[in-house]
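Trainee: everything below, folded, please.
(2 chains)
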Amino acid sequence: MINITFPDGNVRQYEAGVTGLDIAKSISHGLAKKVLSAKVNGEVWDATRPITEDATVQLLTWDDKDGKATFWHSSAHLMAEALEAIYPGVKFGTGPSTDGGFYYDVDPGEHTISSDDFPKIEQKMLELARQKNEYIRKPISIDEAISFYQEKGDEYKLELLEKRKEEGAEITLYEQGDFTDLCRGPHVPDTGYIKAIKITKVAGAYWQGDENRQQMTRVYGITFPKQKELTEYEKMIEEAKQRDHRKLGSELELFMFSDRVGQGLPMWLPKGNQLRDRLMNFLRVEQEKRGYQLVTTPHIGKKDLYVTSGHWEKYGEDSFHPIKTPKEGEEFLLKPMNCPHHCEIFGHRPHSYRDLPLRIAEFGTVYRYEQSGELHGLSRVRGFTQDDAHIFCTQDQLKDEFLNVLDLTKTVLSKMGFEDFTAQISLRDPNKPEKYIGSDENWNNAERAIIEATAEAGMKTTTELGEAAFYGPKLDFMVKDALGRSWQLGTIQVDYNLPDRFELEYIGSDNQAHRPVMIHRAPFGSMERFISILIEHTGGKFPLWLAPEQYTILPISDRFNDYAAEIEQELAKYDIRGTVDDRSEKVGRKIRDAEVKKVPFMLIVGEKEAETGAVSVRKQGDGDVGSMSVAEFAKYFQEHLD
RNA sequence: GCCAGCAUAGCUCAGUUGGCCAGAGCAGCUGAUUUGUAAUCAGCGGGUCGGGGGUUCGAAUCCCUCUGCUGGCUCCA
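Mentor: As a prediction, the model looks like this:
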């Protein structure tokens, strides 16, 4: 008998060789049906793999991240089986699960796989799934595996095996139906668990992620244990499509692109620009409260500036090429970032430690050469405005400055209606100290400052080792939107590099020169990217204070246009902005148009209202809320202003 | 940049295996209508079918190329 310890600490005894599935059966029949895999001593195993020694065991279901991963990984194998049946001779790269399904990289040989083929693949997968073929785990020697793939003629798998051979790793094959795959597992017990299947997209992907190597065809899919879950997934996708910021951006006339101006160069239309301005003003006020000083710097700078900063060497390829003065041939770069300019500002006169921390902020527009395939609506563009600031401070001030920035960022995000966010802390890779510049002492100090500050600010955090920049540790804000999607927004980065390169100094209380630390931070990240996320988060129904039009007055007929104009003037006194829809249309029509434009309040005025000096209020999405005086509406409005 | 796909009126889309002057709805304009909580009616205008080149008696339709867009990959200071 062996002892099995459960996550809640309970210990039960089983025969040696018991499987996760057996254990589930011993608990309840319902659980047994749901178990996909089992975490045995921290490692995810097949639910059907025998456990021979004492172990801690956690049974994994669809509700566990690892359970889903098992399910989707098994689905990748199922898809591979289907692909092999449909496209004979197809070769396989790797086929893992992802956060939202799975993919398989394949070399289809002379075939091409396009979205037209998806129904065919889905059908085949369903057919194979219904056969309830077991996933059979087969540990074999590496040489056996190599000869298996030599016979099959799959050079990709052979390459993977060669690598494993060097590492001396153990090899397992998994077999289901007529398909065998090199895989360390684990898998669900049989293909019958997979009930609902959707092939979602097909795309190119480089073999081993190396752009110099063979381009594979990556087929993406998602599967579910129940049809209903697939239906819900499709609904969510549909909702995301409706909220797509590119679609809403043009429907609500917020921004546009023009081929003639150039790709990735957004132009803000009046309504979008108002939104952008309001966001910037809001941040200006919050920054002022926290001791920031605004500066403005030019859009270009001498190439030498970026040679000094090191950006030319590191990112020259990703910048627009230098522009030259016509006569002297002096080289200038469109600025790809604001920090070198800000370093110059700091260095333009001597500083005392009493000046620190010095917080220099700028809504700085920068230009970066992004590869054409990278561009995407407002979220990835070639010209954008950062809500940038650089804080120059002493080592001792780091933690307080972090707290200051955390407070600012939290204020900003909650004001925007983002309630769910985490701080992702990126630290050094302890095994690769050569990757980083700056002293150990400084790094330790900075990392400690970040960890302590986030703890003190009561933030949810995750920590990533090896994700730090070469010049310092950083913290990124990960935000969940209304559809549960995760985005990286603001960022805070400690920098030991630039102060060195620009030889920045301050005179300490000891009358000696010292090097300040620099913090880069941007709560929004960039206005463009932030607004794209805000649009999708709100579905275009912006918080009242941001709405380009807060109300629109809908006169019942032309006869009340004058009254409507009076109301408009009246409301302006309350700082409430809006328009009058004086077209000779029926109210039904005016309401519909206002609803589509997502105007928060519709004020309907006709005979009754004109007589009593009232407005009939309708709330976007909610409908009629009744009649009230203008003063009452102003009050009602204030209550809805966050 | 790479792979795959797409590009027809301001927008959303039809356009059969290449074959008469390229269509619809919405939007726009003009007129009528004066309207009570999600689309009033009628008429009119609008497209070198993304640009260029080619194949063909004939191209929106087939081929090449450029531009842009979409989905991924790689990248992201």
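
Trainee: going by C-alpha atoms from here, please, whenever you check contacts or count neighbours.
Mentor: Noted.

Trainee: bridged to the spatially closest residue to A:R521 that is not a sequence neighbour, which residues?
Mentor: Once flanking residues are discounted, A:R521 sits nearest to A:I492: 4.3 Å by C-alpha to C-alpha, 6 or more residues apart in numbering. Residues in a beta bridge with A:I492, per DSSP bridges, are A:L475, A:R521.

Trainee: and what about A:T462, helix, strand or coil?
Mentor: Here A:T462 is strand, with the state taken from DSSP: H, G, I helix; E, B strand; the rest coil.

Trainee: any idea of the pLDDT on it?
Mentor: For A:T462, the pLDDT comes out at 91.

Trainee: which residue ranges of the stretch 301-450 of chain A form helices?
Mentor: A:303-309, A:311-315, A:339-347, A:398-415, A:440-456 (DSSP state H, counting those that start in this stretch).

Trainee: centre of the chain to the first one, how far?
Mentor: A distance of 31 Å separates the C-alpha centroid of helix A:303-309 from that of its chain, computed with C-alpha atoms, centre = their mean, to the nearest Å.

Trainee: list the helices and strands that helix packs on?
Mentor: helix A:311-315, strand A:331-334, helix A:339-347, helix A:497-501 (3 or more C-alpha pairs under 8 Å, 6 or more residues apart in numbering; DSSP states H and E).

Trainee: quick check: buried residues in the shortest one?
Mentor: Spelled out, that is strand A:331-334. By neighbour count on 16 or more other C-alpha atoms under 10 Å, the buried set for strand A:331-334 is A:332-334.

Trainee: sorry, back to before: state the distance from the residue nearest to A:R521 to RNA strand B.
Mentor: 10 Å (C-alpha to the nearest atom of the strand, to the nearest Å).

Trainee: so how many other residues sit close to that residue?
Mentor: When neighbours are counted by other C-alpha atoms under 10 Å, A:I492 registers 24.

Trainee: quick check, it in contact with A:L475.
Mentor: Yes - checked against C-alpha atoms under 8 Å, the pair A:I492 and A:L475 is within contact range at 5.1 Å.

Trainee: ok, the residue nearest to A:R521 - contacts?
Mentor: By C-alpha atoms under 8 Å, 6 or more residues apart in numbering, A:I492 lies in contact with A:405, A:474-476, A:519-522.

Trainee: over to A:R218. Which of the three states is it?
Mentor: Secondary structure, three-state DSSP: A:R218 is strand.

Trainee: do you know the pLDDT at it?
Mentor: 92.

Trainee: that one and A:Y103 touch, don't they?
Mentor: Yes - at 6.4 Å, A:R218 counts as touching A:Y103 under the criterion of C-alpha under 8 Å.

Trainee: out of those two, which sits in the busier spot?
Mentor: Neighbours were counted for A:R218 and for A:Y103 using other C-alpha under 10 Å; A:Y103 has more, 28 against 22.

Trainee: quick one: mean pLDDT for the longest helix seen in chain A?
Mentor: Using DSSP state H, we find that the single longest helix of chain A is helix A:65-86. Per-residue pLDDT over helix A:65-86 has a mean of 93.

Trainee: which outside residues touch whichever helix or strand comes after it?
Mentor: As assigned by DSSP states H and E, the chain's next helix or strand after helix A:65-86 is strand A:91-92. Residues outside strand A:91-92 that contact it (C-alpha under 8 Å, 6+ apart) are A:80, A:104-109, A:154-157.

Trainee: do the same with stretch A:363-375
Mentor: A:263-264, A:280, A:296-297, A:299, A:317-320, A:334-338, A:380-388.

Trainee: for the most centrally placed residue in chain A, which three-state class applies?
Mentor: What sits nearest the mean C-alpha location of chain A, by C-alpha atoms, centre = their mean, is A:W487, with 2.4 Å. With three-state DSSP as the basis, A:W487 sits in strand.

Trainee: alongside RNA strand B, which residues does the stretch 51-200 of chain A contribute?
Mentor: Within the stretch 51-200 of chain A, the positions near RNA strand B by C-alpha under 7 Å from any atom of the strand are A:112, A:114-115.

Trainee: still on that earlier bit, adding distance to RNA strand B and pLDDT, write the buried residues of strand A:331-334 out as JSON lines.
Mentor: Formatted as JSON lines, the buried residues of strand A:331-334 follow (distance: C-alpha to the nearest atom of the strand, whole Å; pLDDT from 0 to 100):
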{"residue": "A:F332", "distance to RNA strand B": "14", "pLDDT": "94"}
{"residue": "A:L333", "distance to RNA strand B": "10", "pLDDT": "93"}
{"residue": "A:L334", "distance to RNA strand B": "10", "pLDDT": "93"}
